[in-house]
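[1] need a structure here:
(chains A and B)
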Amino acid sequence: MFLDLFYGLRDEGIPVALQEWMTLLEAVKRGMHGSSLLRFYHLARACLVKSETFYDAYDRVFARVFKGVEGRFDDVTDEVLEWLAEPKNFPNLTPEELAALERLSSDELMRRFLETLAEQSERHDGGDKWVGTGGRSPYGHGGQHPTGIRVGGPGRSRSAMKVAEDRKFRDYRTDVAMDVRQMRVALKRLRQLTRSGLATELDLDETIDETCRNAGEIEMVFRPPKKNDIRLLLLMDVGGTMDPYYEPMSQLLTALHDERGLREFRPYYFHNCIYDHVYSRARLTRADAVPTGELLRSLDERWKLLIVGDAAMHPSELLEGHGGINPHNTSPTPGITWLQRLAGHFARAVWINPDAQPLWDHTYTTRLVQRLFPMFHLSVDGLASAVQALVGARV
Amino acid sequence: MAAQQDDFHRFTGTAGYIASAPLVDAVNCSVALERPLLIKGEPGTGKTLLARHVAEGLGMPMLSWHIKSTSKAADGLYVYDTVQRLNDSRFGGGDVSDIRRYIKLGPLGEAFAATTRHVLLIDEVDKADLEFPNDLLRELDEMRFTVIETGDEIAAKERPVVIITSNNEKELPDAFLRRCIFHYIEFPDAQLMKKIVAVHHPNLDAALLDQVLIKFYWLREQSELRKKPSTSELIDWISALLRAGITHEQLAAHIPFIGALLKKEQDAEALIRFDQKSGRYPTDWKELGPRYNQ
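    Take a look at the predicted model:
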């Protein structure tokens, strides 16, 4: 059952390593769970889960693994016993880890675990350990098991279950919701440090070298400080099918504008597809039009291109000349050609799609665009992957 | 065994700090297992305060290391003041041959060198460079380091209780996370919030407090807000309300001193628009949805 928890967490994508598992065992060995499933729930979470974004997944796994445990804590210990007796079943262990595990899995640990459970069941009668109020009434209190004999009696177990089943951390999941703050975290990786500009930072090593070379006469050497060298071009689809995504899009813009680390940042807007003009303001009037060719000329290939849009449109808007649906925007060149030019010009370009990923393959134009640009979902995880694709090592 | 149990139940919160049961467990777990405790949570949920009150609760002295974007891991251990030494050698200011004179211990170094157990707060670890936490791994694991210039080894006689806070501005490296006990301070629910407010404003009128909290949680529920108000802002807001002598009847229809709660221009403007469109504020917990009515 305990192993189920471990593998359950890993299956849910929570990066639980053996080191953390051992920490939990160590804590259990010292009786820190206080033989209460609720405290075990919190203890295991503190030891195993290292980000609130995984709390929801943890809740789900915990609820699944420990469902129906109430009143049969004996089974837990049986399974632990079983597992501890044969640590070799644990795959992918280095000899050192195995040795450490064997040290931990001594009979002493097992005895201790059983002991605390037994101890708790006795004390529960008096009830000086569990919820305090229970002790005053021998007949139980607040829905506690009236006789209160069994370890992990219903009252206690259910409360841990209830906490887990409440799933109040749902909002913290990074694959669904996000706010400006989380986006900023995801965008933090958008950086490439280089030294350029004014030499304002004292280079200590060089100073010492130069001073020695100068026979002790102090010679200060300065160098330019490290700065982020990322230049970002943002092209954002607005209006029409993008309207439902107004909120996350405006949050993304806020986050990007807040990102002071960027060396240069230029946002432009378009509607549905990119043709011979993009627009410097979201209202897309002729006065705000900037020739797309101008961008290709003035921005070199080191600029990172980030396109945000749903890529879902009528095929003619993407594939045919004069396909644009704005009356004053009737470029003879089809949108797909402009997209090809953009994809070919910039060394790194990604497409962020606010539509849920399963929908992408249902749209013909989205499938086509995916051939030109690596596409990511507009979520914290998707954004992080997109940033990785923009600045990370090429795979 | 009994000693260990006692050991584990050492921290229980203090009069000035209300800690939830899971947080208390996490603190004690970290104290007993001698692993760093990583605390995350929304701004204003009392992450930094926790360290001070753990120190108070456990009766240990505290050292703080406030991380800035320019902080380097080595600064926490010690700083070798080469420029001073260079200067002294040039202008003759003291014994230059004794390097130890120019080694100054940082907060981490001090905590290791101390003879009593300290609480060490590493505040806002996410402010520093992405690699910063990784550079501390070995020192936090083994609680010892060597001063390269002199060859002196500084090893902790008493492993300090390390509390690390993060505002979640950057992801922390996995290797670092694996070594920590983690706790996310949830935003307090109304029940806990009442206790917290009572610590700061002990004699608050119950009807006023109810109205205050209804407005506060209602504001937090508005998904359009760019920055949600936090506990510390709530406390400030209540101070302002008390000074102005606002009654709960006045508060029912109107939210005064909005600047104390909303710090972003757009948020404040949105609320003013809501106000002008004669939007009605909730006055009862029942209007806030099932989460507040259990």
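
[2] quick one: low-confidence ranges for the chain?
    You didn't pick a chain, so chain A it is. With pLDDT under 70 as the threshold, chain A has low-confidence stretches at A:1, A:35, A:68-181, A:260, A:325-330, A:393-395.

[3] wrong one, chain B
    Applying pLDDT under 70 to chain B flags residues B:1-10, B:223, B:278, B:290-291, B:293-294.

[4] rerun that using 50 as the cut-off
    Within chain B, the segments meeting pLDDT under 50 span B:1-9.

[5] give the contact list for B:Lys104.
    Taking Cβ atoms under 8 Å, 6 or more residues apart in numbering or on different chains as the criterion, B:Lys104 is in contact with B:Tyr78, B:Val79, B:Asp81. The way it works is simple: take the backbone N, C-alpha and C, and place the C-beta from them, glycine included.

[6] which SSE is it in?
    Using DSSP states H and E, B:Lys104 maps to strand B:103-105.

[7] for B:Trp65, same thing?
    Using DSSP H and E, B:Trp65 maps to strand B:62-66.

[8] next structured bit after that strand?
    In the C-terminal direction, the helix or strand that comes right after strand B:62-66 (DSSP H and E) is helix B:73-77.

[9] now what about that following helix, what contacts it?
    The contact list for helix B:73-77 (Cβ under 8 Å, 6+ apart) reads B:65, B:105-109, B:122, B:132, B:135-136, B:139, B:145, B:154.

[10] 10 Å - rerun?
    Helix B:73-77 is contacted from outside by B:65, B:67-68, B:80, B:103-112, B:120, B:122, B:128-129, B:131-140, B:145-148, B:154, using Cβ atoms under 10 Å, 6 or more residues apart in numbering or on different chains.

[11] go on, stretch A:362-371?
    By Cβ under 10 Å, 6+ apart, the surrounding residues in contact with stretch A:362-371 are A:272-273, A:307, A:309-319, A:335-336, A:339-340, A:343, A:351, A:353, A:355, A:359-361, A:375.

[12] mind checking which of those are buried?
    A:272-273, A:307, A:309-313, A:317-319, A:335-336, A:339, A:343, A:351, A:353, A:355, A:360, A:375 (16 or more other Cβ atoms under 10 Å in any protein chain shown).

[13] next step: these restricted to helices.
    Residues of the buried ones among the contacts of stretch A:362-371 located in helices (DSSP state H): A:Glu317, A:Leu318, A:Leu319, A:Gly335, A:Ile336, A:Leu339, A:Ala343, A:Trp360.

[14] can you lay out these as TSV showing distance to A:Ala17?
    What follows is those, written out as TSV (distance: Cβ to Cβ, whole Å):
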residue	distance to A:Ala17
A:Glu317	49
A:Leu318	46
A:Leu319	49
A:Gly335	47
A:Ile336	46
A:Leu339	42
A:Ala343	39
A:Trp360	33
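
[15] tell me the one among those residues nearest to B:Pro188.
    Distance to B:Pro188, by Cβ to Cβ, is smallest for A:Trp360 among these, at 40.4 Å.

[16] please name the nearest non-neighbouring residue to that closest one.
    A:Thr366 (4.7 Å; Cβ to Cβ, 6 or more residues apart in numbering or on different chains).

[17] now the one you found: which helix or strand?
    Using DSSP H and E, A:Thr366 falls within helix A:364-372.

[18] buried residues in that helix, which are they?
    Buried residues in helix A:364-372, counting neighbours by 16+ other Cβ under 10 Å, are found at A:Thr365, A:Thr366, A:Leu368, A:Val369, A:Gln370, A:Leu372.

[19] spit out the contact partners of the nearest residue to B:Asn168 once chain neighbours are set aside.
    Computed as Cβ to Cβ, 6+ apart, the closest residue to B:Asn168 that is not its neighbour in sequence is B:Lys40, at 5.7 Å. Residues counted as contacts of B:Lys40 (Cβ under 10 Å, 6+ apart) are A:50-52, B:47, B:126, B:164-168, B:172, B:182-185.

[20] how many residues are close by the residue nearest to A:Leu378 when sequence neighbours are not counted?
    In space, and not counting its chain neighbours, A:Leu378 is closest to A:Pro354: 4.1 Å by Cβ to Cβ, 6+ apart. Using other Cβ atoms under 10 Å in any protein chain shown, A:Pro354 has 20 neighbouring residues.

[21] does A:Pro354 touch A:Ser250 like I think?
    No - using Cβ atoms under 10 Å, A:Pro354 is not in contact with A:Ser250; the gap is 11.9 Å.

[22] that's a helix at B:Asp88, yeah?
    Yes - according to DSSP: H, G, I helix; E, B strand; the rest coil, the state of B:Asp88 is that of a helix.

[23] quick check: can you list the domain ranges of the chain?
    Since you didn't name a chain, this refers to chain A. Residue ranges for the domains of chain A, per automatic domain parsing: A:2-172, A:195-228, A:229-391.

[24] oops, wrong one, chain B.
    Domain assignment for chain B by automatic domain parsing gives B:2-185, B:190-292.

[25] just the strands in the stretch 1-150 of chain B please.
    For the stretch 1-150 of chain B, the strands defined by DSSP state E, counting those that start in this stretch occupy B:37-41, B:62-66, B:78-80, B:103-105, B:119-123, B:144-146.

[26] meant to ask about the stretch 251-395 of chain A
    For the stretch 251-395 of chain A, the strands defined by DSSP E, counting those that start in this stretch occupy A:264-270, A:277-279, A:289-291, A:304-308, A:348-353, A:375-377.

[27] for the stretch 251-395 of chain A, which residue gets nearest to chain B?
    A:Thr254 (6.9 Å; Cβ to the nearest Cβ).

[28] show me which residues of the stretch 251-395 of chain A are close to chain B?
    Proximity of the stretch 251-395 of chain A to chain B, by Cβ under 10 Å from any Cβ of the partner chain, involves residues A:Gln251, A:Thr254, A:Ala384.

[29] could you point out which element follows the strand or helix carrying B:Val197?
    In the assignment (DSSP H and E), B:Val197 maps to helix B:190-200. Downstream of helix B:190-200, the first helix or strand assigned by DSSP H and E is helix B:206-221.

[30] quick one: the helices in the stretch 151-294 of chain B?
    Ranges of helices within the stretch 151-294 of chain B are B:174-178, B:190-200, B:206-221, B:231-244, B:248-253, B:265-276, based on DSSP state H, counting those that start in this stretch.

[31] need the winner for burial among those helices.
    With neighbours defined as mean count of other Cβ atoms under 10 Å in any protein chain shown, those peak in mean count at helix B:206-221, which reaches a mean of 19.

[32] is chain A within reach of it?
    No - using Cβ under 10 Å from any Cβ, helix B:206-221 stays clear of chain A, coming no nearer than 11.4 Å.

[33] list the helices and strands that helix packs on?
    helix B:190-200, helix B:231-244, helix B:248-253 (3 or more Cβ pairs under 10 Å, 6 or more residues apart in numbering or on different chains; DSSP states H and E).

[34] related to what we said a few turns ago, show me which of the residues of the stretch 251-395 of chain A next to chain B are buried.
    Looks like those have A:Gln251, A:Thr254, A:Ala384 buried, using 16+ other Cβ under 10 Å.

[35] looking at those residues, which are in helices?
    Those of these lying in helices (DSSP H): A:Gln251, A:Thr254, A:Ala384.

[36] once you drop chain neighbours, what's closest to the last one?
    Ranked by Cβ to Cβ, 6+ apart and with sequence neighbours excluded, the top spatial neighbour of A:Ala384 is A:Ala186, at 4.5 Å.

[37] hmm, B:Glu169 and the one you found touching each other?
    No - checked against Cβ under 10 Å, the pair A:Ala186 and B:Glu169 is beyond contact range at 11.1 Å.
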